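Visitor: With the input below, show me the fold.
(4 chains)
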Protein chains: 2
Amino acid sequence: MNLRELSEKLGLSQTTVSRALNGYSEVSEVTRQRVVSAAKTHNYEPAAHARSLATGQSKAIGHVIPQSTKHEMTNVVFSDFIAGAGEVYRQNGYDLVMSIVSDDDEVQAYHTLVRKRNVDGVIVHGPTRCDPRIDLLRNLQVPFVVHGRSSEICSRYSWLDVNNKRAIERATTFLVDLGHRRIALINGLERMDFAWRRRAGYLAALEAHGIGVDRALMRSAEMTEPHGYNSARQMLSASDPPTAFIASSIVVAMGIRRALEERDLKMGRDISVICFDDMISYFPNGDGEPIFTATRSSVRAAGRRCGEMLIAAIEAPGSPATQELWEAELVLGQSTGPAIKASS
Amino acid sequence: MNLRELSEKLGLSQTTVSRALNGYSEVSEVTRQRVVSAAKTHNYEPAAHARSLATGQSKAIGHVIPQSTKHEMTNVVFSDFIAGAGEVYRQNGYDLVMSIVSDDDEVQAYHTLVRKRNVDGVIVHGPTRCDPRIDLLRNLQVPFVVHGRSSEICSRYSWLDVNNKRAIERATTFLVDLGHRRIALINGLERMDFAWRRRAGYLAALEAHGIGVDRALMRSAEMTEPHGYNSARQMLSASDPPTAFIASSIVVAMGIRRALEERDLKMGRDISVICFDDMISYFPNGDGEPIFTATRSSVRAAGRRCGEMLIAAIEAPGSPATQELWEAELVLGQSTGPAIKASS
DNA sequence: GAAGCACCTCAAAGCGCTTTGAGCATCCAA
DNA sequence: TTGGATGCTCAAAGCGCTTTGAGGTGCTTC
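Guide: Just a heads-up that it's a prediction; the model follows:
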């Protein structure tokens, strides 16, 4: 069933039918009702590509995902972010187009996506510091929103980020206030902007309290469970082990817990752990009381908001870039407690 | 830059340019080279929607994801599956279109996707027993591949599944051979076909060894960490607690471990745990020796293969349905050991 | 040297939609 | 009665591509 057939069935011109369906005022209400119900009974829906060709819009939003394990992308927060964004897309009649690419193809992928014109806008995931994609997309003249942001890029672009620095600064200060002095940071890859900012927050808090930085207490790698486990394990067997850990993700925190368990250390009593909790749906931080004391911010909500921002940018071209900085919440769980004095 | 402009620049007709780019034999090799390199320098790429309109193909594959928490979808295996499938799509020039829908809209979403003609084929995620989507898609006459399969649907359709029954049967038997008699199954939602088959495997193994079924040792819910924790916790405080657990996912197993830790039970010594390991990239089952003894099968590989199967079906319409049943591997970790006799 | 045959290239139609600019009733005011 | 609004509806152009069917060129063959 296409427009021509439908309009023939109705005894109307294609124009009128199209107008009726798209809500133009030139069509009488009676006619519109007739058209709409006929479309429904005949299961008519305008062919997306034909509409795109005519309007020049694709009504789709692109997500480019480098899939190598060297990136933080096929990662734990990804599906929740997408779920949030996708919800908004659907409400607004947009499709979600995903390109999975190998690392080297990423730049190419953006070019292709834009030149083939199958998206009206793009979401940038996992920005690094000084991320080249931002200039690339600006040059391609396609609306985009960055989830996170990229330091050292001074041009104005749209982003939504959590205040990573402040969040980890608060977490660190919280531990210091509990008496901890040996605080470890098990971070994500510090090429990634968010990880770098978290590190900055950690360092700022230590400095503010006159605590010296020990490089042996800082690790950064992909945020997997084994990363948490191995890092914690090694640190705990060092001569002057940490009394507290800050984990960049709940998955990393799970790994830390495994290392603690192995040594029969009780979390919250013998050792404190704080993590960054993205509120991942299948990996909630407990269901009643939180497992981990955590800095918390919903990545799904971020997905929703990024979707809204991007659609707004697409539909009002030329509007100024929007930037939002969300504060993470600090929630108390049972994984933190006063520092135990080294048995002297 | 469009086809007309490019052909004018080259002094050729649009036909010739199009033919050259699409590899038809009517164009001389010299001309083709000239066209291809001109396309490259001018950043020309055919507009996807125009091509779709002309060919009737969209060169895209749809994934419909119900996002409510009542489903097993926005789940832990999803991003790895997508990563695998997307890799294959890209190699074959297909885009990946995702629709995130609320539960009630799911049927509607398939209709829309097909009628708007923006996909050439569909992947079905998380089939339930007797899943209505299979008949729906057949009626819509769109190629599709099911990741998993649906019991009680006798018509022939393409699917790729892991032998869930056999895997859990083996795992259960393995525990029985270690002397366990009180074996708990912390399963996914048993509406889901895979979970139901796992349960069947569990029951078959118990029966084969003359072990009575205790309903108190079977739980099924969404496969989250708290599900594992709560289930294990409650079972362990019962009068006749299990000595071994089978978890439907590594995430659930993490929850079980938390419950064990809480009671100072040592995994592998006091209590055994086996899980189903989908080889999720950011949540590997250890990096050297496995954390958990597990039945293992790569969901990313499944994504790749489903992608291949679907593309084959799209490009050779009318070819018979393909069905593949993969066996899971049983890997030994430190989470299992001989049953300890109750202190008598 | 004419006919025939490759081999290459072309103009134009058509894919299904939106949108422009024009046309036709109908109705009211002059 | 007529002129002009007003309110609907229409035919046709155009979006950028593929593909059909026709044509043109240069070469071989008798």
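
Visitor: which non-adjacent residue is nearest A:Phe81?
Guide: In space, A:Phe81 comes closest to A:Gly303 once its chain neighbours are excluded; the distance is 3.9 Å by CB to CB, 6 or more residues apart in numbering or on different chains. (Glycine included, C-beta is placed from N, CA and C.)

Visitor: Helix, strand, or coil at that neighbour?
Guide: helix (DSSP: H, G, I helix; E, B strand; the rest coil).

Visitor: contacting residues around the helix or strand harbouring A:Arg90?
Guide: Here A:Arg90 sits within helix A:78-91, counting by DSSP states H and E. Residues from elsewhere that reach helix A:78-91 (CB atoms under 8 Å, 6 or more residues apart in numbering or on different chains): A:61, A:63, A:65, A:95-96, A:123, A:125, A:147, A:278-281, A:299-308, A:311, B:65, B:67, B:74-75, B:78-79, B:98-102, B:105.

Visitor: A:Gly333 contacts A:Glu289, correct?
Guide: Yes - the criterion here is CB atoms under 8 Å, and A:Gly333 meets it with A:Glu289 at 6.4 Å.

Visitor: Show me where the stretch 151-300 of chain A has its strands.
Guide: With DSSP state E, counting those that start in this stretch as the criterion, the stretch 151-300 of chain A has strands at A:158-162, A:183-187, A:218-220, A:244-247, A:272-277, A:293-296.

Visitor: how about those, which one is nearest DNA strand D?
Guide: strand A:158-162 (26.4 Å; CB to the nearest atom of the strand).

Visitor: Show me what that closest one is packed against.
Guide: If contacts are counted by 3 or more CB pairs under 8 Å, 6 or more residues apart in numbering or on different chains; DSSP states H and E, strand A:158-162 sits against strand A:144-147, helix A:299-315, strand A:323-326.

Visitor: could you redo the last one with a cut-off of 6 Å?
Guide: Applying 3 or more CB pairs under 6 Å, 6 or more residues apart in numbering or on different chains; DSSP states H and E, we find strand A:158-162 packed against helix A:299-315, strand A:323-326.

Visitor: what mean pLDDT would you report for the next helix or strand after the shortest one?
Guide: Once strand A:323-326 ends, the next helix or strand along the chain (criterion: DSSP H and E) is strand A:329-331. pLDDT averaged over strand A:329-331 equals 97, rounded to a whole number.

Visitor: Single out the most deeply packed of the strands of the stretch 151-300 of chain A.
Guide: Most buried of the strands of the stretch 151-300 of chain A by mean neighbour count (mean count of other CB atoms under 10 Å in any protein chain shown) is strand A:244-247; its value is a mean of 30.

Visitor: who does that one pair up with?
Guide: strand A:183-187 (parallel), strand A:272-277 (parallel) (DSSP bridges).

Visitor: Now the shortest one: average pLDDT?
Guide: With pLDDT averaged residue by residue, strand A:183-187 scores 98.

Visitor: got it, and stretch A:167-178?
Guide: 98.

Visitor: quick one: buried residues of stretch A:330-344?
Guide: Residues of stretch A:330-344 classed as buried: A:331, A:333-337, A:339 (neighbour count, 16 or more other CB atoms under 10 Å in any protein chain shown).

Visitor: Endpoint to endpoint, stretch A:14-34 covers what distance?
Guide: Length of stretch A:14-34, first residue to last, CA to CA, to the nearest Å: 14 Å.

Visitor: Please report how far the nearest residue to A:Ala195 once chain neighbours are set aside lies from B:Arg197.
Guide: Nearest non-adjacent residue to A:Ala195, counting by CB to CB, 6+ apart: A:Gly188, 3.8 Å away. Going from A:Gly188 to B:Arg197 by CB to CB, to the nearest Å gives 37 Å.

Visitor: Also A:Gly288?
Guide: For A:Gly288, the distance to B:Arg197 - CB to CB - is 32 Å.

Visitor: Looking at these two, which one has more neighbours?
Guide: Neighbours per residue, other CB atoms under 10 Å in any protein chain shown: of A:Gly288 and B:Arg197, the larger number sits with B:Arg197, 24 against 7.

Visitor: so the more buried one makes contact with B:Asn164?
Guide: Yes - with contact defined as CB atoms under 6 Å, B:Arg197 reaches B:Asn164; the gap is 4.0 Å.

Visitor: rewinding a little: between the strands of the stretch 151-300 of chain A, which one is nearest to DNA strand C?
Guide: Closest approach to DNA strand C among these (CB to the nearest atom of the strand): strand A:158-162, 25.4 Å.

Visitor: Neighbouring strands of that closest one in the sheet, and parallel or not?
Guide: With DSSP bridges as the test, strand A:158-162 pairs up with strand A:144-147 (parallel), strand A:323-326 (parallel).

Visitor: Give me the contact list for that strand.
Guide: For strand A:158-162, contacts defined as CB atoms under 6 Å, 6 or more residues apart in numbering or on different chains pick out A:145-146, A:148-149, A:297, A:302, A:305-306, A:309, A:321-326, A:328.

Visitor: Helix, strand or coil: sort out the closest residue to DNA strand C within the stretch 101-250 of chain A for me.
Guide: At 13.6 Å from DNA strand C, A:Arg117 is the closest residue in the stretch 101-250 of chain A, using CB to the nearest atom of the strand. At A:Arg117 the chain is in coil, as set by three-state DSSP.
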